[in-house]
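[1] Dropping the sequence and predicted coords here.
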Amino acid sequence: MNIQISPHSVKELRIKTGAGMMDCKKALQAADGDMEIAVENLRKKGLASADKKSTRLATEGIIDSYIHIGSRMGVLVELNCETDFVARRIEFKKLAKNLAMQVAACQTVFYVSIDNIPQNIIDREIRIESEKEDIINKPPEIKNQIIKARIDKRLEEMCLMHQPFIKDQKILIEDLVKQHIALLGENIKVRRFQRFVLGEKLDLS
């Protein structure tokens, strides 16, 4: 017999996941009212749905902006989807705004994903890690393992998709985008972003 789920709990789960009301109610019933388990199960379903759509062409979308308090820093983000209809959805616009805010908050992020990092940047990071004093005298096999782990971590730190969402540290930006793919039923891609800092790179000589 299904347990009784309050409308408040259903609404809370919907806010957390973006899933439909009935899906949220069923997920809570299946999880015996446990919010965390329900969230996890919905995300699993949502991510599976999102992965199927990730290869579809996304040529519509919007460019959104975020200007930080004090107007000394701003961000532009281009977010793509498949149709103009989804581009006009409030959920899509909110995602674009959240992504712009995320870029503003993450000063060490310069690329959308690891695939976007130029090879010369990767080579530079490998060179820096290879020359660190704490691994110079380690056996080659162990040294290579340490370097790989450090490089993987460093590259993730440079990419937007691998950052914990500033409004919910339990999920990554990659997961946030996939949740919206599942919610809106279209492929969604973060194409590019640009951060502007007042006075940056000014030649004061």
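    Done, it's in.

[2] Could I get the full set of strands for this structure?
    For the chain, the strands defined by DSSP state E occupy 60-67, 73-81, 164-165, 168-172, 189-197.

[3] mind putting the ones you listed in a markdown table, mean neighbour count included?
    In this view, the C-beta of every residue, glycine as well, is placed from N, C-alpha and C. Shown next, in a markdown table, are these (neighbours: other C-beta atoms under 10 Å):
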| stretch | mean neighbour count |
| --- | --- |
| strand 60-67 | 17 |
| strand 73-81 | 21 |
| strand 164-165 | 16 |
| strand 168-172 | 13 |
| strand 189-197 | 17 |
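
[4] Ok, which of those strands comes nearest Cys24?
    Between Cys24 and the strands of the chain, the shortest gap by C-beta to C-beta is with strand 168-172, which sits at 16.4 Å.

[5] on contacts alone, who are the packing partners of that closest one?
    strand 164-165 (3 or more C-beta pairs under 8 Å, 6 or more residues apart in numbering; DSSP states H and E).

[6] Show me what the strand it packs on pairs with in its sheet, parallel or antiparallel.
    In the sheet, strand 164-165 lines up against strand 168-172 (antiparallel) (DSSP bridges).

[7] What's the end-to-end length of stretch 97-113?
    Taking C-alpha to C-alpha, to the nearest Å, stretch 97-113 runs 18 Å from one end to the other.

[8] What of stretch 81-100?
    For stretch 81-100, the end-to-end distance is 16 Å (C-alpha to C-alpha).

[9] Quick check: buried residues in that stretch?
    Neighbour counts over stretch 81-100 (16 or more other C-beta atoms under 10 Å) mark Cys81, Glu82, Val86, Ala87, Arg89, Phe92, Leu95, Ala96, Lys97, Asn98, Leu99, Ala100 as buried.

[10] got those residues as TSV, with distance to Met22 columns?
    Output for those, formatted as TSV (distance: C-beta to C-beta, whole Å):
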residue	distance to Met22
Cys81	24
Glu82	25
Val86	21
Ala87	26
Arg89	20
Phe92	22
Leu95	23
Ala96	27
Lys97	28
Asn98	26
Leu99	29
Ala100	32
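
[11] I'd like the distance between the residue nearest the centre of the chain and Tyr66.
    For the chain, the residue nearest the mean C-alpha position is Ile173 (1.3 Å; C-alpha atoms, centre = their mean). Separation of Ile173 from Tyr66 (C-beta to C-beta, to the nearest Å): 14 Å.

[12] Same question for Thr108.
    Between Thr108 and Tyr66 the computed distance is 17 Å (C-beta to C-beta).

[13] cool, Ile37 as well?
    Counting by C-beta to C-beta, the gap from Ile37 to Tyr66 is 34 Å.

[14] next one: Ile117
    Relative to Tyr66, and taking C-beta to C-beta, Ile117 is found at 23 Å.

[15] In contact with Leu198, which residues?
    Counting by C-beta atoms under 8 Å, 6 or more residues apart in numbering, Leu198 touches Ser71, Arg72, Met73.

[16] which residue sits closest to Ala30, ignoring its sequence neighbours?
    Take Ala30 and drop its neighbours on the chain: the residue closest to it by C-beta to C-beta, 6 or more residues apart in numbering is Asn41, 6.8 Å away.
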